[in-house]
Every structure is written in structure tokens, then in C-alpha cells.
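Student: Sharing a sequence plus its predicted fold:
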Amino acid sequence: MATNEEEKLALPVGVTLDRFIKSHQAAFSFATGELSQLLRDIALAAKIVNREVNRAGLGDLTGALGTANVQGENQQKLDVIAHIRFGRALRNGGEVAGIVSEEEENIIETGNNDGGYVVALDPLDGSSNIDVNVSIGTIFTIFRRVSPKGVPVQMADFLQGGRAQVAAGYVLYGTSTVLVFTTGHGVNGFTYEHSLGEFFLSHPRLVIPQDGQIYSCNEGNWHDFAEPIQQYLDYCRQQRYSARYIGSLVGDFHRNLLKGGIYLYPATAKAPHGKLRLLYECYPLAFLAEQAGGAANNGLVPILDVPITAIHQRTPFFTGSVHMLNKVAHCESQ
């Protein structure tokens with residue numbers, strides 16, 4: 001008979017991402033195996049980017065590239081590397097007909113005209129944190145294409161709206177690398193085990209607390225915020241809430257998902273339409289938030305109901321615990 005110590009040493013390492021996908025494939029929309037393969041392709045790209053991030057300090061991969069992306073933002077070397085790695089994995093996987101990336105102005109055709117899906121992503125969110133070794137991430141969303149197979153993808157494939165997402169998620173590259181995603185049946189998180197090269201289920205059936213005591217906001221923009229937002233931030237201070245702002249959307253969202261809290265990126269005088277991108281930042285995180293029992297809105301309506309007219313469209317963004325979002329709405333209605 002094995003001793004308690006021997007039993008501990010032989011404990012199972014857990015459920016791998018691949019096994020999880022296979023066992024839950026029947027719950028996926030249009031369960032033909034294509035979406036399952038697509039999620040595996042994203043996981044593969046995440047492993048490769050994780051490797052690049054981990055060796056960035058020794059491989060001359062930090063710092064700016066000296067070019068700007070379509071947003072007018074300075075590109076970091078890892079921005080471009082992540083863009084290439086995810087694009088290559090999705091193209092080689094064969095299931096994706098087209099890609100929208102923060103780093104490219106136009107739709108990227110993969111040549112897989114028979115692919116049934118399109119993907120929009122921010123390959124490396126929070127890239128300003130790269131040089132100081134702070135958490136960064138990847139955000140992605142998946143749509144089933146509406147244009148006929150056999151022809152190049154159309155703009156309409158990407159402008160279906162937030163409720164049309166069939167899967168969405170993010171990868172957080174931090175003290176551990178975590179992949180969190182939903183296919184519309186709850187939210188699950190997987191942690192990367194480097195020695196085995198596998199993602200293992202570590203955060204099953206994630207549920208965001210209905211209330212919290214953390215607020216995440218760049219208060220350096222205080223004087224550019226509308227008065228109701230200033231009132232809400234004052235309320236947070238009066239309640240002695242903790243201010244936690246990483247400057248990496250994935251990092252801030254992940255913390256609040258686990259602990260409860262609110263993330264705010266309101267409109268400002270400089271960015272009256274908001275700064276964050278609706279398609280590949282706000283839609284996917286709003287999908288995750290709602291599936292985890294939280295909420296997300298633009299200050300007026302749920303993010304998933306905000307109409308989209310352009311692939312790089314921006315929006316104000318509020319997400320997190322339901323009670324905290326309700327309090328913001330109360331301030332704005334006064």
C-alpha cells in the first residue's frame with residue numbers, strides 16, 4: 001500500500017487543454033472539429049510567443065522597432081514577432097480564412113478560402129511594459145464567417161457584432177502563462193507547464209465576484225474625464241478601495257476576473273470616442289466577462305450590443321463586477 005507521501009508524488013498533473021477541448025467538443029457551436037483545431041492553433045502560437053517573451057531580455061528582442069502601426073503607436077519588436085507568430089500559426093492551421101490584427105490596417109487573407117472562421121486579435125497587448133518585465137498578453141476573438149466558402153473573406157465577416165462571437169479569450173504572459181477562453185459555455189483557464197510543453201486546466205468554471213474593492217484606471221487622465229467618472233473615482237477613494245492599474249489590459253482584466261473589481265477606460269478630451277479597440281479588445285473581454293457572471297459596457301449599453309462599422313473602431317470601456325458597474329451607471333444618471 002502506498003504511503004501518503006508516495007500518493008502525493010504520484011498525483012495527476014491535471015487535464016490538458018487538448019483533452020479538455022476533445023471532451024467538450026459537443027458543446028462547441030458547429031461542432032465539426034474545426035473550432036477545436038483553431039483553438040489548438042492559438043495555443044501553439046501562445047507557446048511560441050511565450051518562448052520569445054521569456055528570452056526577450058537576452059535575445060535583443062526588447063525595445064522599439066522604429067516603426068508605427070496603423071494606430072499610430074510605436075511598434076515594439078515583440079509586437080511584430082507576436083503578430084508574425086500568430087498569423088503564421090493561424091494560416092498554417094487551415095481553419096482561418098482571414099485575420100484582423102492591431103498591427104495591420106487591412107484584413108489579412110490567409111489563402112485558406114475554404115476555412116470556416118475568421119480571427120481578430122491584439123497580438124501583444126501592453127507592449128509598453130515589455131522593457132520593464134511587467135505582464136503583457138494576447139487577446140483574440142473568433143467568428144464563423146458569413147461569406148461563402150471558396151472565396152476571399154469579406155469585411156462583413158468581421159463586422160457581425162459582439163453577440164456573433166463563437167469563442168474568445170486571452171493569453172497572459174506573466175509569472176506564469178495562462179490561457180483563458182470561452183466558447184459560450186462558461187470560462188476556463190489553463191496554465192502552461194514549461195517542462196511538459198502543455199497547457200493544463202488550472203481555473204475551471206471561472207466566476208467573477210459580484211462586487212469587489214479594486215478599481216483599475218489611469219488616473220493621470222483625471223482632468224479629461226467627465227464629471228460622473230470623477231465622482232465614481234472619488235467614491236472609490238472614499239470607500240478605501242485599492243487602486244491597481246498595470247497598463248496592460250489583459251493583466252488588469254485577469255486580476256479583476258479572479259478577485260473582483262472594475263476596469264475603466266472612459267472617453268477623454270483627447271480620445272472622445274475612447275481608446276480601446278472594439279473588435280479585438282473589448283468584444284472578446286466583454287464576452288468573457290458576461291460568461292463569467294460579470295458585465296461590460298461603454299457607459300451606455302453593453303459592449304456586446306455596440307454596433308461595429310470599422311475593424312479598428314474605438315470605444316470607451318468599463319468591465320468587471322456587476323455591482324461596481326451598476327454604481328458607475330448610478331453616478332452617470334445623476
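Tutor: That came through, no problem.

Student: Wait, a strand at Glu103?
Tutor: No - going by DSSP: H, G, I helix; E, B strand; the rest coil, the assignment for Glu103 is coil, not a strand.

Student: Please report how far the nearest residue to it once chain neighbours are set aside lies from Gln165.
Tutor: Take Glu103 and drop its neighbours on the chain: the residue closest to it by C-beta to C-beta, 6 or more residues apart in numbering is His83, 4.3 Å away. Just so you know, the C-beta spots here come from the backbone N, C-alpha and C atoms, and that holds for glycine as well. Counting by C-beta to C-beta, to the nearest Å, the gap from His83 to Gln165 is 21 Å.

Student: With Asn297 instead?
Tutor: Look at Asn297 and Gln165: by C-beta to C-beta, they are 16 Å apart.

Student: Same question for Pro152.
Tutor: For Pro152 relative to Gln165 (C-beta to C-beta), the value is 22 Å.

Student: Ok, Trp222 next?
Tutor: Trp222 is 33 Å from Gln165, by C-beta to C-beta.

Student: For stretch 216-228, give the mean pLDDT please.
Tutor: For stretch 216-228, the mean pLDDT works out to 95.

Student: Check the separation of the first and last residues in it.
Tutor: Separation of the first and last residues of stretch 216-228 by C-alpha to C-alpha, to the nearest Å is 16 Å.

Student: List the buried residues of it.
Tutor: 216-217, 221, 225, 228 (16 or more other C-beta atoms under 10 Å).

Student: before we move on, what about stretch 148-161?
Tutor: Going by neighbour count (16+ other C-beta under 10 Å), the buried part of stretch 148-161 is 153-154, 157-160.

Student: now the helices for this structure?
Tutor: 4-9, 17-23, 34-54, 77-93, 227-238, 249-259, 283-291, 322-333 (DSSP state H).

Student: Name the residues of the longest one that are buried.
Tutor: Under the neighbour-count criterion of 16+ other C-beta under 10 Å, helix 34-54 has 34-50, 52-53 buried.

Student: do the second one as well
Tutor: Of all the residues in helix 17-23, those buried under the rule 16+ other C-beta under 10 Å are 17, 20-21.

Student: what do you get for the fifth one?
Tutor: By 16+ other C-beta under 10 Å, the buried positions in helix 227-238 come out as 228-229, 232-233, 236.

Student: and which of those residues is nearest Ser135?
Tutor: Nearest to Ser135 out of the buried residues of helix 227-238 is Cys236 (C-beta to C-beta; 22.4 Å).

Student: lowest average confidence, helix or strand, in this protein?
Tutor: When the helices and strands of the chain are scored by mean pLDDT, DSSP states H and E, strand 64-68 comes last with a mean of 49.

Student: State the pLDDT value of Gly126.
Tutor: On pLDDT, Gly126 comes in at 87.

Student: do you know how far the residue most central in space within the chain is from Phe253?
Tutor: Central residue of the chain (C-alpha atoms, centre = their mean): Ile139, 3.0 Å from the mean position. Distance, Ile139 to Phe253, by C-beta to C-beta: 9 Å.

Student: now swap in Gly212 and tell me
Tutor: 13 Å.

Student: of those two, who's got more company?
Tutor: Phe253 (31 against 21; other C-beta atoms under 10 Å).

Student: Let me see the contact set for that one.
Tutor: 170, 263, 285, 288-289, 319 (C-beta atoms under 8 Å, 6 or more residues apart in numbering).
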